[in-house]
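J.: kindly return the folded structure for what I paste below:
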Amino acid sequence: QVQLVESGGGLVQAGGSLRLSCAASGRTISTYGVAWFRQAPGKEREFVAANAWIGGATYYTDSVKGRFTISRDNAKNTLYLQMNSLKREDTAMYYCAARAAGDIDYGGPTPSQMDYWGQGTQVTVSS
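T.: Got it, this is the predicted structure:
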């Protein structure tokens, strides 16, 4: 079993930056595909960014390309999401997730493909 705990969310003005962290415990995630998702009130959970463990490919949803960067530190067993140039529409609960059964599919995963989830961290962007 893998436990994931997110941190780093908060309130930020539009144009600002935040870095989310996702600390994993229980097992190493170095051989897991990992991803960030987000869910705004009244909306479905959506894919944001992912990192495959085989080859290290990264994928982003179109709305965050060029602004968000996913990375991982295997020595710390931690996943990150650097978010720059934040917009009001980025406001959501952000979740990290890991996939043990297989790697990240080309283009990014769907929520149902992920095996482990964190509890989420709230990101609120004000104008």
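J.: for the residue nearest to the spatial centre of the chain, which non-adjacent residue is closest in space?
T.: Nearest residue to the geometric centre of the chain (C-alpha atoms, centre = their mean): residue 36, 1.9 Å. Distances taken as C-beta to C-beta, 6 or more residues apart in numbering place residue 48 nearest to residue 36, at 4.4 Å, with adjacent residues excluded. For glycine as for every other residue, the C-beta is placed from the backbone atoms N, C-alpha and C.
J.: buried ones in the helix or strand hosting the one you found?
T.: For residue 48, the host element (DSSP states H and E) is strand 46-51. Using 16 or more other C-beta atoms under 10 Å as the test for burial, strand 46-51 gives 47, 48, 49, 50, 51.
J.: tell me the one of those nearest residue 16?
T.: Using C-beta to C-beta, residue 48 comes nearest to residue 16 of the buried residues of strand 46-51, at 17.3 Å.
J.: touching, that closest one and residue 60? I think so.
T.: Yes. Assessed by C-beta atoms under 8 Å, residue 48 is found in contact with residue 60 at 7.2 Å.
J.: overlap in contacts of those two?
T.: When contacts are counted by C-beta atoms under 8 Å, 6 or more residues apart in numbering, residue 48 and residue 60 are jointly contacted by residue 68.
J.: list the beta-bridge partners for the closest residue to residue 35 other than its chain neighbours.
T.: Nearest non-adjacent residue to residue 35, counting by C-beta to C-beta, 6+ apart: residue 50, 3.8 Å away. Per DSSP bridges, the residues bridged to residue 50 are residue 35, residue 59.
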